[in-house]
Each structure stands twice: as C-alpha cells, then as structure tokens.
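>>> I need the structure of the sequence given here:
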Amino acid sequence: MNLSVRRMTKEDIAQAVEIERICFSEPWSEADYNESLLLDYAKYYVALLGDDVIIGICGVRNLAGEGEITNVAVRPDYRGQGIARMMLEELLGNARREGIRAFTLEVRAGNAPAIALYERLGFRTEGVRPGFYSKPKEDALIQWLRVEDYA
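So this is what the prediction gives:
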C-alpha cells in the first residue's frame, strides 16, 4: 500500500466530511472543516492512499501550549493496519516541534481499539465525562499524554 500523511487542505474537505459521516454519529460538516482550517492554532492531517484517496483524518488544536486532539478516524475497510497510529505519530511529532508539551483527547469508553492505540502512544486515562457522547449515549474517557511521561 502506498500510504502517506500530510496536512489537510481545503481540497480535502469533501473526503474528510465523508469519512466523518461514515465513522461518527455526530460528524463535522463541511462548514466545520472550512472554519477549522482557517484557525492558526489548529492543524489537520490526512492519510492518503496513493496520491488522492483520503482514508484517514485527524487534527490537533494548540490551546495555550496543550494539544487537544480531535477527529481521529480511519475508513472502516482500512482499520487495523496502523493508519491511525501513522497519522498520530506525524501529528504528535510536528506538535512537539512547535512546543506543545501535553496532549489530551476524549474517547468513547467502549472504543477498545482506539483506547489501546492511544495507550500504546503513551496516553493515560485521567478522568471521565459521564454521558459526554450521544447517539448512543456513552461516557468519554479523558486521556492525557505529557512530554515528561513520554520522554
């Protein structure tokens, strides 16, 4: 498989929205992505198959030196092949070089594959947001990765 990861562009939004629709019960819209790509403190990435087929997305927002990871998703037929890990390693490496020293994310409490991936990357559960997700209703685990934990 010819895979690569790069920054998301405006031209990628339609495919990103399609991945959101497939993967999430409350997906981001085209307007959400258009707005987010304009934020100077946000960076979004895509995993590409070949030159133009987007099979994964993820993003991070730099909030006062802490990275909030958003929108990690891989098309269902490409899961389990290390694509999310590849995207997140690129995202984390770039964010660290820009001075982000800690990262946080929320994950559905029942999403065992995602939790296992985040833990392999060094994230640890530090809290719970009861009933955070709807469609279906589910708690969110709050996970953190701090550079001092990772180094």
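>>> quick check: longest helix of the chain.
Identified as the longest helix of the chain according to DSSP state H is helix 83-97.
>>> How far does that helix sit from its chain's centre?
9 Å (Cα atoms, centre = their mean, to the nearest Å).
>>> If you average the pLDDT over that helix, what comes out?
Taken as a whole, helix 83-97 has a mean pLDDT of 96.
>>> helix/strand/coil for residue 148?
helix (DSSP: H, G, I helix; E, B strand; the rest coil).
>>> on that earlier part again, can you mark which positions in the longest helix of the chain are buried?
By neighbour count with 16 or more other Cβ atoms under 10 Å, helix 83-97 contains the buried residues 83, 84, 86, 87, 88, 90, 91, 92, 95. Every C-beta, even on glycine, is put in place using the N, C-alpha and C of the backbone.
>>> try stretch 100-111
For stretch 100-111, a neighbour-count test (16+ other Cβ under 10 Å) marks 100, 103, 104, 105, 106, 107, 108, 109 as buried.
>>> hang on, residue 123 packs against residue 144?
Yes. Look at residue 123 against residue 144 with Cβ atoms under 8 Å: they come within range, at 6.5 Å.
>>> Could you single out the nearest of the buried residues of stretch 100-111 to residue 134?
Proximity of the buried residues of stretch 100-111 to residue 134 was ranked by Cβ to Cβ; the top entry is residue 108 with 11.1 Å.
>>> gap between the closest one and residue 115?
9 Å (Cβ to Cβ, to the nearest Å).
>>> so what sits against both of the two?
Taking Cβ atoms under 8 Å, 6 or more residues apart in numbering as the contact rule, residue 108 and residue 115 both touch residue 141.
>>> Which of the helices or strands spans the residue most central in space within the chain?
Ranked by distance to the mean C-alpha position of the chain (Cα atoms, centre = their mean), the top residue is residue 72 at 2.8 Å. Take DSSP states H and E as the rule and residue 72 turns out to sit in strand 66-74.
>>> That strand pairs with which strands, parallel or anti?
Under the criterion DSSP bridges, strand 66-74 sits next to strand 53-63 (antiparallel), strand 102-108 (parallel) in its sheet.
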